[in-house]
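J.: Just need the structure, nothing else, for what follows:
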Amino acid sequence: MRSHTIAFALAALLAGAAPAVTQGKPGGCKGRIVADLGFSGLSFNQGHTYIEQDLTLFGTEPILSGIDPRGVAAGRLEEGDALVAVDDVLITTRAGAIRLAGLRPGTPVTLTVRRGGRNLDVRLMPGAHCESPPPPPPPPDRARVAARATLGVGISCSYCWSATMAANGTHVWGFKEPPEIRQVLPGSAAARAGLRAGDLIERIDGEAITSAEGGRRFGALQPGRAVRLGVLRAGRRLELTLVPARAP
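T.: Next up, the predicted model:
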């Protein structure tokens with residue numbers, strides 16, 4: 001799982017609940033079109049989850065949440081279902097994570113979920129969702145803020161979740177405990193700032209990473225805009241300033 005370059009990049013894990021569009025591009029959409037499975041979040045009750053570029057690798061079966069009562073999963077998926085496999089490929093494998101990330105609107109998919117101790121196969125036809133870009137900031141930062149940001153790290157977290165807010169398209173994180181830096185990409189923003197594997201991220205811009213505001217800030221990093229991370233390293237607390245780069 002760690003055999004190649006790892007870089008943390010901000011991206012929606014799945015589209016949030018929104019009216020499905022099955023043909024063409026939703027009118028007025030200035031972002032990108034992504035598959036909508038009718039739920040807005042995945043949570044992790046135990047184990048670890050790894051972030052590798054725009055891909056989330058699951059160390060444990062994620063729990064579905066935010067089922068849209070008008071979406072493609074209505075009456076088929078339920079709150080609290082554990083996602084076991086995508087098209088018969090286990091979600092806890094790299095291939096399963098790639099399948100989930102690569103879903104396309106209008107292409108059928110079979111999700112295997114665990115409910116009440118039983119595995120169920122649910123066939124869905126993903127709809128389409130407009131993932132809105134962030135609102136443009138004032139010049140001269142407009143070009144760089146519109147891009148995705150990367151710190152150049154891989155993180156591991158237990159008891160964490162990630163979702164896209166359907167109302168405005170912003171990405172948020174939630175952490176029950178500080179995430180751990182698992183790998184730092186040489187030459188990255190994290191490497192230049194002195195982050196090391198094993199560091200625990202406790203604060204971001206002075207906010208506890210486990211708070212709602214901390215999770216929001218973690219999901220809103222922007223290229224070229226400095227961020228302060230408070231980390232715990234071998235019993236010592238440090239504050240490091242990083243300037244996220246533009247993600248490839």
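J.: From A97, how far out is V184?
T.: Separation of V184 from A97 (CB to CB, to the nearest Å): 21 Å. All C-beta spots, glycine's among them, are computed from the backbone N, C-alpha and C.
J.: Neighbour count: these two, which is higher?
T.: With other CB atoms under 10 Å as the criterion, V184 and A97 differ in neighbour count, and V184 comes out ahead with 25 against 21.
J.: you'd agree that one is up against T150?
T.: No. V184 lies out of contact with T150 (CB atoms under 8 Å); the separation is 12.0 Å.
J.: Following element in sequence after the worst-scoring helix or strand of the chain on mean pLDDT, please.
T.: Taking mean pLDDT, DSSP states H and E as the measure, helix 142-146 is the helix or strand of the chain with the lowest mean score, a mean of 36. Following helix 142-146 in sequence order, the next helix or strand is strand 149-150 (DSSP states H and E).
J.: pLDDT (mean, whole number) over that following strand?
T.: Strand 149-150 shows an average pLDDT of 79 in the prediction.
J.: and A197, how many residues sit next to it?
T.: For A197, the tally of surrounding residues (other CB under 10 Å) stands at 12.
J.: backbone phi and psi for it, please?
T.: The phi and psi torsions at A197 (degrees, to the nearest 10) take the values phi -60, psi 140.
J.: All the helices of this protein, in order from the start?
T.: Counting by DSSP state H, the chain has helices at residues 94-101, 142-146, 189-193, 212-218.
J.: Distance from the last one to the middle of the chain?
T.: Relative to the centre of its chain, helix 212-218 is centred 13 Å away, using CA atoms, centre = their mean, to the nearest Å.
J.: now for that helix, which elements pack on it?
T.: Applying 3 or more CB pairs under 8 Å, 6 or more residues apart in numbering; DSSP states H and E, we find helix 212-218 packed against strand 171-175, strand 200-204, strand 207-208.
J.: Same check on the first one?
T.: Based on contacts counted as 3+ CB pairs under 8 Å, 6+ apart, the elements that helix 94-101 packs against are strand 55-58, strand 82-86, strand 89-90.
J.: Please name every helix or strand in contact with the second one.
T.: Meaning strand 82-86. Contact here means 3+ CB pairs under 8 Å, 6+ apart; on that basis strand 82-86 packs against strand 63-67, helix 94-101, strand 109-115.
J.: Just the buried residues of the last one, please?
T.: Put plainly, it is strand 109-115. Burial within strand 109-115, assessed by neighbour count using 16 or more other CB atoms under 10 Å, is assigned to V109, L111, T112, V113, R114.
J.: and the gap between the third one and L100?
T.: So the one you mean is T112. With the distance defined as CB to CB, T112 ends up 12 Å from L100.
J.: next one: the second one
T.: As for L111, its distance to L100 is 9 Å (criterion: CB to CB).
J.: list residues touching both of these two?
T.: Contact criterion CB atoms under 8 Å, 6 or more residues apart in numbering; residues shared by L111 and L100: V86.
J.: Hmm, V153 is touching P179, no?
T.: No. Under the criterion of CB under 8 Å, V153 makes no contact with P179, lying 9.6 Å away.
J.: how many neighbours does V231 have?
T.: For V231, the count of nearby residues is 23 (other CB under 10 Å).
J.: try V86
T.: Here the number of neighbours of V86 (other CB under 10 Å) works out to 22.
J.: OK, contacts around it?
T.: V86 makes contact with G96, R99, L100, L103, V109, T110, L111, T112, according to CB under 8 Å, 6+ apart.
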